[in-house]
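Novice: quick check, what structure comes out for this input:
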Amino acid sequence: MASTSASGVPSRVSDVEEDRTRLCDQFSAIAGTDGAVAQCFLAENDWEMERALNSFFEADMERVFAEDFEENNSSPQNKRQKTEKPSQDDCIDLTRDSPAARKPSDEDDSKLSVISWNVDGLDTDNLAERARGLCSYLVLYTPDVVFLQELIPPYVQYLKKRAVSYLIIEAGEEGYFTGMMLKKSRVKFLESEIVNYPSTQMMRNLLVAQVAFKGQKLCLMTSHLESCKGHAEERMKQLRVVMQRMKDAPDDVSVLFGGDTNLRDTEVAKVGLPSSVCDVWERLGKQEHCRYTWDTKANSNKTVPYVSRCRFDRIYLRPATQEGVPRLGPDHMALVGLEKLDCGRYTSDHWGIYCSFTAE
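Specialist: Now for the predicted structure:
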């Protein structure tokens, strides 16, 4: 109960303190910082969450790019060039196919390949090298579609300069957000939209894109559902939004969702999947080596005093049902990002998921 002053007017001090404590907790959870850092950035930005997060991430932007270009900027001439606007020649595509790469067979060429990955852009340590790690996996797997979560503006800027063979669609411009990458030579982009979750406390939304692939209509979706065990109710609300959108898509469209869902199996059971939607991992036989995408036993990027092994990252499919339209079906799944980089860390604290699909 609020205290009362001598004039009989209730004091709002305790309410303000409670609100600011809550904001600090949310900031710490999103940015991976302690309470003191959270309080500092929030106070400097009038306790506005998005402004505070932007300020926090921008503080690391110069360092990220300095690491990336350190070797290429050792000469005075190159140091002068660094201050100039980059030309097209500076946009070296780290994702283009190697000249030595084998020519895909007709069967491979007709398959749709997808990677879904929470790249942990909120962790700015070794961010440039970890972003290069992502690009190396794009070269290795040449996915047609990439679903990404926990992007921040510096990470997107890096990808736009280094993944030139992909069109990048963002679900936000500030703080942190999700995104998609579409292989320009294989996937035709038509339109996209952002669906907001009304009661999210963590700036979460659903990114939806309509595309065409080999004459097939596809609806692509990615999201980063509410994090942490205590936010199960909100997470299930968000899952219902995703499932309703998948269910309501036109019959001649195949719908593919990939993202960091933070879901526990009990939560999925409570919500229930529409009969037309399948969990790709389950459809492919629940292979044990693909089960855990968040695995602190194997992944050392996060230092935590416990072992946690969860299937947070999931891919859902709703094939087209209209007569005469090809039905998309999964045929392979693997985890990616299992190798340490030269810096001694992994590309992310999550493993990525690679999937391929054929038209049946």
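Novice: which stretches of the stretch 151-300 of the chain form helices?
Specialist: Assigned helices in the stretch 151-300 of the chain, in chain order: 153-162, 232-248, 265-271, 280-283 (criterion: DSSP state H, counting those that start in this stretch).
Novice: ok, which of those comes nearest residue 258?
Specialist: Closest approach to residue 258 among these is made by helix 280-283 (8.7 Å; C-beta to C-beta). The C-beta positions use only the backbone N, C-alpha and C, and glycine is treated the same way.
Novice: let's see that closest one as CSV, backbone CA atoms only.
Specialist: Extracted C-alpha coordinates of helix 280-283, given in CSV (Å, rounded to 0.1, in the frame of the first residue of the first chain):
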residue,chain,number,x,y,z
VAL,A,280,9.5,-31.1,-38.3
TRP,A,281,11.8,-32.8,-35.7
GLU,A,282,9.0,-35.1,-34.7
ARG,A,283,8.0,-35.8,-38.3
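Novice: quick check: mean pLDDT across that helix?
Specialist: In this model, helix 280-283 has an average pLDDT of 98.
Novice: what does that helix rub up against?
Specialist: 287, 290, 291, 311, 314, 315, 316, 317, 330, 333, 355 (C-beta atoms under 8 Å, 6 or more residues apart in numbering).
Novice: repeat that for stretch 21-40.
Specialist: Stretch 21-40 is contacted by residues 20, 41-42, 47, 49, 52-53, 56-57, 122-123, 175-176, 201-203, 227-228 when judged by C-beta under 8 Å, 6+ apart.
Novice: in ChimeraX, select just the buried ones from the residues you listed.
Specialist: Remark: buried members of the contacts of stretch 21-40, expressed as a ChimeraX selection using 16 or more other C-beta atoms under 10 Å:
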select :41,42,47,49,52,53,56,57,122,123,175,176,201,202,203,227
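Novice: low pLDDT regions in the stretch 51-200 of the chain?
Specialist: 57-92, 97-107 (pLDDT under 70).
Novice: tell me the average confidence for stretch 305-312?
Specialist: Mean pLDDT, computed over stretch 305-312, is 94.
Novice: now swap in stretch 249-264 and tell me
Specialist: Across stretch 249-264, pLDDT averages out at 98.
Novice: give me phi/psi at residue 43?
Specialist: Phi and psi for residue 43, reported as degrees, to the nearest 10, are phi -60, psi -40.
Novice: neighbours of it, how many?
Specialist: 12 (other C-beta atoms under 10 Å).
Novice: the closest residue in space to residue 253 that isn't next to it in sequence - how many residues pack around it?
Specialist: Nearest in space to residue 253, with sequence neighbours left out and distances taken as C-beta to C-beta, 6 or more residues apart in numbering, is residue 217 at 4.5 Å. By other C-beta under 10 Å, the residues close to residue 217 number 18.
Novice: tell me if I'm right that residue 217 and residue 209 touch.
Specialist: No - using C-beta atoms under 8 Å, residue 217 is not in contact with residue 209, being 11.7 Å away.
Novice: out of the helices of the stretch 151-300 of the chain, which gets nearest to residue 16?
Specialist: Among those, helix 232-248 sits nearest to residue 16 (C-beta to C-beta), with 24.3 Å.
Novice: that older thread, what's the residue nearest to residue 253 in contact with, if anything?
Specialist: Residue 217 sits next to 210, 250, 252, 253, 254, 320 when contact means C-beta under 8 Å, 6+ apart.
Novice: ok, now which ones touch the nearest residue to the first one once chain neighbours are set aside?
Specialist: Leaving out its chain neighbours, the residue that sits closest to residue 210 by C-beta to C-beta, 6+ apart is residue 190, at 4.3 Å. If you count contacts by C-beta under 8 Å, 6+ apart, residue 190 has them with 209, 210, 211, 212.
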